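From the sequence below, what's the structure:
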Amino acid sequence: CLKDGEVQSALAHQGIHLSLRTICNCRKLLSIPNHKERWNGYYGKDAAFGRSLRLAEKRFSRIPAEPGVYELSLPWKLDYPKGRSEVLYLGCTRDLRKRIASYPGNGLKNRRLKEFMCQSQGQVLVRFCRAQHYRALERQLLSNFRSHFGTLPKANSVGA
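Got it, this is the predicted structure:
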């Protein structure tokens with residue numbers, strides 16, 4: 001996830017000298033979003049989230065029964081005070097598979113999350129990251145999200 005200036009520098013090391021404007025125009029022609037849009041910077045290097053899975057597909061066997069942190073998101077961006085993000089909820093658990101498998105059911109207690117789940121019509125995505133110190137990582141991610149976007153994710157009511 002390189003910035004345009006970093007792309008320019010890397011190309012210069014290869015003997016290819018382009019202006020930032022040219023790099024920016026090429027990126028736009030290829031429909032590559034800018035660095036800020038590509039980098040969902042709240043998690044930084046603290047978490048290695050995997051690829052997104054659709055909750056509605058119920059492929060829970062792909063999710064490890066291990067402790068970790070998970071992120072629920074939508075395929076569209078939500079407005080936050082300092083920017084836009086797809087992230088809807090951040091959580092942690094002792095058993096990722098069991099916790100994530102509980103979301104498609106009717107027993108959701110989180111009212112905000114329940115509303116988004118209904119509105120999204122099965123479009124909610126989940127990503128997870130294994131972590132032994134999952135509670136500390138969740139606190140760090142919530143704190144990072146709050147400082148990057150100005151508030152907690154829409155469906156998180158308490159946190160960092």
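
Do a quick rundown of the strands in the protein.
All strands of the chain, identified by DSSP state E, fall at 53-54, 68-80, 83-93, 125-130.

Using neighbour counts, pick out the buried residues of the longest one.
What that stands for is strand 68-80. 68, 69, 70, 71, 72, 73, 74, 78, 80 (16 or more other Cβ atoms under 10 Å). To be clear about C-beta, it is placed using only N, CA and C from the backbone, and glycine gets the same treatment.

the inter-axis angle of it versus strand 83-93?
160 degrees (axes from the mean of the first three to the mean of the last three Cα atoms, to 10 degrees).

Work out the sheet partners of strand 68-80 and label each with its direction, please.
strand 83-93 (antiparallel), strand 125-130 (antiparallel) (DSSP bridges).

Output those strands as JSON lines; include the columns mean neighbour count and mean pLDDT.
Below are the strands paired with strand 68-80 laid out as JSON lines (neighbours: other Cβ atoms under 10 Å; pLDDT from 0 to 100):
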{"stretch": "strand 83-93", "mean neighbour count": "20", "mean pLDDT": "92"}
{"stretch": "strand 125-130", "mean neighbour count": "20", "mean pLDDT": "92"}
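
The residue nearest in space to the middle of the chain and residue 111: what is the separation?
Among the residues of the chain, the one closest to the centroid is residue 87, at 5.3 Å (Cα atoms, centre = their mean). From residue 87 across to residue 111, the span is 18 Å (Cβ to Cβ, to the nearest Å).

Kindly report the same for residue 127.
Taken as Cβ to Cβ, the span from residue 127 to residue 111 is 23 Å.

Residue 94 now?
24 Å.

The residue lying closest to residue 10 once chain neighbours are set aside - how many residues pack around it?
Nearest residue to residue 10, sequence neighbours excluded (Cβ to Cβ, 6 or more residues apart in numbering): residue 2, at 7.1 Å. Neighbourhood size, residue 2 [other Cβ atoms under 10 Å]: 13.
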